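> Here is the input, now give the coordinates:
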Amino acid sequence: MNTIIKDSLAKSLSYEAYRKKVSDLLEEGKSTGPNQSEDLLHYSTLNDARMNRLDKKTKLTNSTIEALKNTKEKQTWLLITEGWCGDAAQISPVINKMSLESDKVDLKVVLRDENEDLMNQFLTNGSKSIPKLVVLNEENEVVSSWGPRPSIATKMVNDYKVKHGGLDADFKRDLQVWYNKNKGESIQEDLVSFLKK
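Modelled structure (predicted):
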């Protein structure tokens, strides 16, 4: 595991470099990842616009800011993502905003499909679900992991799957609406738990 983490950190990007990579690929008519399709390009374009908006508009709650300022241990937050992922587009800007608020948190970003060995260590019910946030201590040992969604959204997904047998376009649209109304507060609440460790 240590070698996998080390290799992934060596390939990691800053959040700004990740955002630029997504935008640059879109200018070439591409999405992140080895698989290219009209659907992935469409989702990537939507998500780039979402992230641009959320990078500007995301606000942290007072309790999140206080928790970040009181963080004692240095941590690296290693975010596994892709530009075409709708959940990641809603979550990544919040994670970035939190990392900027604390000198104890260093955010690094890696693409899922370029870091398969890492992703395979953090599967969700056997699936390569993203985004996934891996929290590392100063020795780059895994302290915790989180994702692919805030706990409330995870419950929404699970409840819908039980009732309907899977997720459809209507649910995915409703989930994006929920993210917009929630304004990142559930993400912040979930992630503050890492800061208390």
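
> And the strands in this protein?
Using DSSP state E, the strands of the chain run over 75-81, 105-111, 132-136, 142-146.

> Kindly reformat the ones you listed as a markdown table and extend each row with distance to residue 18, mean neighbour count and mean pLDDT.
C-beta here means a position set from N, CA and C on the backbone, and glycine is covered the same way. Formatted as a markdown table, the strands of the chain follow (distance: least, CB to CB, whole Å; neighbours: other CB atoms under 10 Å; pLDDT from 0 to 100):
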| stretch | distance to residue 18 | mean neighbour count | mean pLDDT |
| --- | --- | --- | --- |
| strand 75-81 | 7 | 24 | 97 |
| strand 105-111 | 4 | 21 | 97 |
| strand 132-136 | 14 | 22 | 97 |
| strand 142-146 | 18 | 16 | 94 |
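
> Kindly state which of the ones you listed is positioned closest to residue 31.
Among the strands of the chain, strand 105-111 comes nearest to residue 31, with 10.6 Å by CB to CB.

> ok, back up a step: now distance to residue 159 too, for the strands of the chain, in a markdown table please.
Output for the strands of the chain, formatted as a markdown table (distance: least, CB to CB, whole Å):
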| stretch | distance to residue 159 |
| --- | --- |
| strand 75-81 | 25 |
| strand 105-111 | 30 |
| strand 132-136 | 22 |
| strand 142-146 | 20 |
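
> Figure out which of those strands is closest to residue 38.
strand 105-111 (20.2 Å).

> ok so, going back, which of the strands of the chain sits closest to residue 47?
Among the strands of the chain, the nearest to residue 47 by CB to CB is strand 75-81 (10.0 Å).

> Give the pairing partners of that closest one; include direction for each.
strand 105-111 (parallel), strand 132-136 (antiparallel) (DSSP bridges).

> follow-up on the earlier one: how about the strands of the chain, which one is nearest residue 33?
The closest of those to residue 33 is strand 105-111. By CB to CB, the value is 6.8 Å.

> Next, format the strands paired with strand 75-81 as CSV and append distance to residue 167.
Listed next are the strands paired with strand 75-81 as CSV, based on distance: least, CB to CB, whole Å:
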stretch, distance to residue 167
strand 105-111, 23
strand 132-136, 18
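
> Those strands: which one's closest to residue 1?
Nearest to residue 1 among the strands paired with strand 75-81 is strand 132-136 (10.5 Å), distances taken as CB to CB.

> So, low pLDDT: which residues of the protein?
Across the chain, residues meeting the criterion (pLDDT under 70) sit at 196-197.

> Return the residues in contact with residue 29.
Contact analysis of residue 29 by CB atoms under 8 Å, 6 or more residues apart in numbering lists residue 41.

> and what of residue 63?
residue 192.
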